[in-house]
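Colleague: got a sequence here, can you model it:
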Amino acid sequence: MSPLRRVDPIEINVRVGRVVKALLSERGMTLAQLADHAVTDLSSLSRALNGQEGITLHRLERVASVLEKELHEIIRLSQESQ
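Modeller: Take a look at the predicted model:
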């Protein structure tokens, strides 16, 4: 079995943020619209997607739902964007 790789949580948030922002752009949505539809605070969501604050799986799941994606798709896309 291979050893566990240490992952920087800030880098994960930044990569997830890039994916979310790309999906927003594809849909012609703003971050404010996303926050409104996901029922979350705009400034907190912005900080999370820029790696300045953590994001919970629950909040990320709501974001994914608004973007019509499954949570695992967002995570997979963020891993591919390394």
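
Colleague: from residue 7, how far out is residue 56?
Modeller: 17 Å (CB to CB, to the nearest Å). Yep, even glycine has a C-beta here, placed from its N, CA and C like the rest.

Colleague: where in the protein is pLDDT low?
Modeller: 1-4, 82 (pLDDT under 70).

Colleague: would you state the helices of it in chain order?
Modeller: 9-27, 31-37, 42-49, 57-66, 71-80 (DSSP state H).

Colleague: name the residues that touch the fourth one?
Modeller: Just to be clear, that refers to helix 57-66. 16, 20, 34, 37-40, 45, 48, 70-71, 73-74 (CB atoms under 8 Å, 6 or more residues apart in numbering).

Colleague: among those residues, name the buried ones.
Modeller: 16, 20, 34, 38, 40, 45, 48, 74 (16 or more other CB atoms under 10 Å).

Colleague: residues contacting the fourth one?
Modeller: This points to residue 38. 45, 59, 62-63, 65-66.

Colleague: redo that, cut-off 10 Å
Modeller: 45, 59-67 (CB atoms under 10 Å, 6 or more residues apart in numbering).

Colleague: let's check: the centremost residue of this protein is which one?
Modeller: Nearest to the geometric centre of the chain sits residue 16, at 3.9 Å (CA atoms, centre = their mean).

Colleague: quick check: it vs residue 44, distance?
Modeller: For residue 16, the distance to residue 44 - CB to CB - is 14 Å.

Colleague: run a quick neighbour tally on the nearest residue to residue 40 once chain neighbours are set aside.
Modeller: Using CB to CB, 6 or more residues apart in numbering and skipping the chain neighbours, the partner closest in space to residue 40 is residue 59 (5.7 Å). By the criterion of other CB atoms under 10 Å, residue 59 has 17 neighbours.

Colleague: tell me the spacing between residue 59 and residue 35.
Modeller: From residue 59 across to residue 35, the span is 10 Å (CB to CB).

Colleague: residues shared between the contacts of the two?
Modeller: With CB under 10 Å, 6+ apart, residue 59 and residue 35 have common neighbours 41, 44-45.

Colleague: no further questions, thank you.
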